[in-house]
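S.K.: coords please:
(chains A and B)
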Amino acid sequence: MAARALLLRTAARCCSPLHSPSAAPRLRSHAAIPQLRFPSLYFSASAASTSSHGPSGGDAGEGEDDKGAYENYLGMSDDELMAQCDMGTFKSSGPGGQHRNKRESAVRLRHHPTGIVAQAVEDRSQHKNRSSALSRLRTLIALKVRRPINLDNYTPPVELLQILPLKSTIRSKDVGSQIGPNNPKFSPGMQALLDLLFAVEGSVSEAAKILGLSTGALSRLILSDDSLRAAANELRASKGLKPLR
Amino acid sequence: MLSLSARSILSAFLPKPKPRRLLLLRPRRSSASASALTPPTPRTTTPDPPEDADPTPLFLRPPTHPVPEASLAAFRRRAAALVPPSAPHLHRHLRWLLADASAPAPSGADPAAPHLLRAPLDELEALWLRHVRDRRPFQYVVGNEHWKDLVVAVRDGVLIPRPETEAVVDMVAAVEGFQDGWWADLGTGSGAIAVAVARMLGPGGRVFATDVSEVAVEVARLNVQRYGVQDKVEIRRGSWFEPLEDVKGKLMGVISNPPYIPTDDLPGLQPEVGWHEPKLALDGGKDGLDHLLHLCEGLSSALMPGGFFVFETNGNKQSEFLVDFISTKWSSSFCDVEAVLDFADIKRFVRGYRR
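M.R.: Residues are numbered from 1 along each chain as shown, chains lettered A, B, ... in the order given. Model prediction:
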């Protein structure tokens, strides 16, 4: 348990490339990708439209195919995502190799396009730590990378529908049973939910209306996962709204 | 120890490692003589494994020792109390020890049922003491090291594979056409590299793994069988290239993590290493280069034209020396010779190609 807590604490370090000038050159591929990614909760839509990096205002004039224009990191395979990362283990002092017996094999992943850092230390093998770090990275991407939504012709993606309670009126039967926070597929749904919440300026009741849920039901969903709740409340705080409890 | 024939017969039915099935054949051992009160081995000498030590790694022994939850909890408390504040990582080791020593709980099992352990509790206690007080490596206690995606069996007398060395396997995978080549892993030790490489090979690929140590050959053979790669890995006992006369000039690659620590550095090693791991696998002679230079000498006749080699070294100085040495002395035989960094940015490896 303690190790897990440590992981959460240490892995939560994250930076936005648009906030940190040193990370900006990492967006080496931005010229090739037509859309600016909105990588941070703290990043308001108005600030985005003044940015010199992307087309003005991610929320207007994209047409129907705008969704596909954003990098869908969570839709990538582990290998594809790894290819965008630098893997570092912790630098050790001393000669290493045959000189040393050290069982702990921490892994740190830095995801270049977003600057997000995820790490894992609690497992026996570097191999397992790598997959823990990777799944942690997916969660952090979901929490930190915001993609703009055009509310006028918005249809919730299936990843989002999958995490909604069954009573949602926009959820058809073929979506299947509800996916919970312990399922790896929860991250993409969580990302889409935060995207929507971001688009409606943090208003849970607005978002609930769009998702065919009562405000209470959506609040309960948000509160069901600690990191989702924290991200939603941070977003609401940036809009001057009170936190959900 | 299982007889080899029994193992190979069994392993024919076991494409994947199924250690528990394998080990049911092992004759049961009577309860250990050691107890928690066994005095620690004096630190002035290298503690050898006790004469009667069961060579089967703990994590592969059958879980035949029922222990009530209360006794296990009491053991956990006693064991945790031995951990000095300066070594918090030992709490993690204790958790792993109990994980490796326990049978996996079947789903739906009665929570009140006694735990099944792979060794009697007093033996576990003695093992724990030897780890905490005598600095016996944790890997020797449980009998394995998690290395890449493998759980490599190890025991006293064989070098514990290091995380740095994992990179060697990735370098092999980067060689064009490696899948169908013949490879040599010289001084294979536990066989970790040989097994990891073999698992990537295609139908034509083969690994010849040599080691001069009898224990290493036994442990390597166990690991090869556990991962079902006996049709790809041939283990031969002997020093470096010696047992490979018949494949001379046919090898696509030569891999080795030879002993490279300068003799003078041995007394200053971390106790887990210096007191417990085999000198044979660590001592590289005066400058640590004895075996590396011997390997370099044999390379050009062992490799086929265009063949690849990678050696692990002691670090920056040795790697720089070897790159320089190979490129000047044998410039006509080798090309693209370079030092490669490990994850701590130390020039840990030397690799290159035969012309």
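
S.K.: Please enumerate the strands of chain A.
M.R.: A:85-88, A:107-111, A:116-120 (DSSP state E).

S.K.: got it, and chain B?
M.R.: Listed in chain order, the strands of chain B (DSSP E) span residues B:65-67, B:115-117, B:144-147, B:150-153, B:182-186, B:206-211, B:233-237, B:251-256, B:303-312, B:334-341, B:347-354.

S.K.: Okay, buried residues for the fifth one please.
M.R.: Right, the one you point to is strand B:182-186. B:182-186 (16 or more other C-beta atoms under 10 Å in any protein chain shown). For every residue, glycine as well, the C-beta is placed using N, CA and C.

S.K.: Could you work out the most separated pair of those?
M.R.: Farthest apart among the buried residues of strand B:182-186 by C-beta to C-beta are B:182 and B:186. That separation is 13.2 Å.

S.K.: distance of residue B:306 from residue B:351?
M.R.: 14 Å (C-beta to C-beta, to the nearest Å).

S.K.: who's more crowded, the two?
M.R.: Shown here are residue B:306 and residue B:351; by other C-beta atoms under 10 Å in any protein chain shown, residue B:351 has more neighbours (22 against 13).

S.K.: I figured residue B:332 hits residue B:355, correct?
M.R.: Yes. Contact criterion C-beta atoms under 8 Å: residue B:332 and residue B:355 qualify, at 7.0 Å.

S.K.: remind me which residues of the chain are low pLDDT?
M.R.: Using chain A. Low-confidence segments of chain A (pLDDT under 70): A:1-70, A:89-93, A:103-105.

S.K.: Oops, wrong one, chain B.
M.R.: In chain B, residues with pLDDT under 70: B:1-53, B:109.

S.K.: so what's the closest residue to chain A within it up against?
M.R.: Of all residues in chain B, residue B:146 sits closest to chain A, at 3.4 Å by C-beta to the nearest C-beta. Listed by C-beta atoms under 8 Å, 6 or more residues apart in numbering or on different chains, the contact set of residue B:146 reads A:124-125, A:127-128, B:152.

S.K.: With neighbour count and distance to residue B:276 as added columns, please give those in CSV.
M.R.: Output for the contacts of residue B:146, formatted as CSV (neighbours: other C-beta atoms under 10 Å in any protein chain shown; distance: C-beta to C-beta, whole Å):
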residue, neighbour count, distance to residue B:276
A:124, 23, 19
A:125, 20, 21
A:127, 18, 25
A:128, 16, 25
B:152, 28, 17
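
S.K.: which among the residues you listed gets closest to residue B:296?
M.R.: Nearest to residue B:296 among these, with distances taken as C-beta to C-beta, is residue B:152, at 27.2 Å.

S.K.: Which residue, neighbours along the chain excluded, lies closest to the closest one?
M.R.: In space, and not counting its chain neighbours, residue B:152 is closest to residue B:192: 4.7 Å by C-beta to C-beta, 6 or more residues apart in numbering or on different chains.

S.K.: do the same with residue A:213
M.R.: The shortest distance from residue A:213 to any non-neighbouring residue, by C-beta to C-beta, 6+ apart, is to residue A:168 (5.1 Å).

S.K.: who does residue B:237 bridge with?
M.R.: Beta-bridge partners for residue B:237, by DSSP bridges, are residue B:211.

S.K.: And for the residue nearest to residue B:212 when sequence neighbours are not counted, the neighbour number?
M.R.: With C-beta to C-beta, 6+ apart as the criterion, residue B:212 has its nearest non-adjacent residue at 4.5 Å, and that residue is residue B:239. When neighbours are counted by other C-beta under 10 Å, residue B:239 registers 14.

S.K.: Kindly report the same for residue B:175.
M.R.: 18.

S.K.: Surely it and residue B:255 touch.
M.R.: No. With contact defined as C-beta under 8 Å, residue B:175 does not count as touching residue B:255 (10.5 Å).

S.K.: Quick one: neighbours of residue 147, just the number.
M.R.: Defaulting to chain A. Residue A:147 has 23 nearby residues by other C-beta under 10 Å.

S.K.: wait, chain B
M.R.: If you count neighbours by other C-beta under 10 Å, residue B:147 ends up with 27.

S.K.: Tell me who's in contact with it.
M.R.: A:125, B:161, B:163, B:165-166, B:192, B:196.

S.K.: Out of those, who's the most crowded?
M.R.: residue B:192 (30 neighbours).

S.K.: ok, now which ones touch residue B:177?
M.R.: residue B:252.

S.K.: returning to what we had before: can you redo the buried residues of strand B:182-186 as CSV, where the extra columns are distance to chain A?
M.R.: Shown next, in CSV, are the buried residues of strand B:182-186 (distance: C-beta to the nearest C-beta, whole Å):
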residue, distance to chain A
B:182, 27
B:183, 21
B:184, 20
B:185, 16
B:186, 15
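
S.K.: Residue A:114 against residue A:141, yeah?
M.R.: Yes. Using C-beta under 8 Å, residue A:114 makes contact with residue A:141 at a distance of 6.5 Å.

S.K.: what are the ranges of the helices in chain B?
M.R.: Taking DSSP state H, the helices of chain B run over residues B:4-12, B:19-23, B:69-81, B:89-101, B:121-132, B:138-142, B:166-173, B:192-198, B:214-226, B:271-274, B:290-302, B:316-329.

S.K.: again, but for chain A
M.R.: A:2-11, A:45-50, A:66-69, A:78-83, A:126-144, A:158-163, A:186-199, A:204-210, A:215-223, A:226-238.

S.K.: Present the ones you listed as a markdown table; the columns should include distance to chain B.
M.R.: Compiled in a markdown table, the helices of chain A are given as follows (distance: least, C-beta to the nearest C-beta, whole Å):
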| stretch | distance to chain B |
| --- | --- |
| helix A:2-11 | 7 |
| helix A:45-50 | 37 |
| helix A:66-69 | 33 |
| helix A:78-83 | 12 |
| helix A:126-144 | 5 |
| helix A:158-163 | 26 |
| helix A:186-199 | 23 |
| helix A:204-210 | 38 |
| helix A:215-223 | 30 |
| helix A:226-238 | 24 |
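
S.K.: Tell me which of these is the most buried.
M.R.: Comparing those by mean neighbour count (mean count of other C-beta atoms under 10 Å in any protein chain shown), helix A:186-199 ranks first with a mean of 24.

S.K.: Map the structural domains onto the sequence of chain B.
M.R.: Split into domains by the TED database, chain B comes to B:58-104+B:111-134, B:149-354.

S.K.: Chain A contacts on the stretch 101-250 of chain B?
M.R.: With the criterion set to C-beta under 8 Å from any C-beta of the partner chain, the stretch 101-250 of chain B comes near chain A through B:137-139, B:145-149, B:159-160, B:162-166.

S.K.: so who does residue A:152 touch?
M.R.: Residue A:152 neighbours (C-beta under 8 Å, 6+ apart): none.

S.K.: Would you check how far apart the residue of chain B closest to chain A and residue B:310 are?
M.R.: Counting by C-beta to C-beta, the gap from residue B:146 to residue B:310 is 22 Å.

S.K.: which non-adjacent residue is nearest residue 227?
M.R.: You didn't pick a chain, so chain A it is. Distances taken as C-beta to C-beta, 6+ apart place residue A:143 nearest to residue A:227, at 5.9 Å, with adjacent residues excluded.

S.K.: that's the other chain; I wanted chain B
M.R.: Looking at residue B:227 with C-beta to C-beta, 6+ apart, the closest residue is residue B:195, at 5.1 Å.

S.K.: and the one you found, how many residues sit next to it?
M.R.: Residues within reach of residue B:195, counting by other C-beta under 10 Å, total 28.

S.K.: Where does chain A get nearest to chain B, residue-wise?
M.R.: residue A:125 (3.4 Å).

S.K.: ok, that residue - contacts?
M.R.: By C-beta under 8 Å, 6+ apart, the neighbours of residue A:125 are A:105, B:146-149.

S.K.: Most widely separated two among the residues you listed?
M.R.: Those two in the contacts of residue A:125 that are separated most widely, counting by C-beta to C-beta, are A:105 and B:149, at 12.7 Å.

S.K.: Between the two, which has more neighbouring residues?
M.R.: residue A:105 (22 against 14).

S.K.: Touching, residue B:207 and residue B:201? I think so.
M.R.: Yes. Between residue B:207 and residue B:201 there is a contact under C-beta under 8 Å: 7.3 Å.
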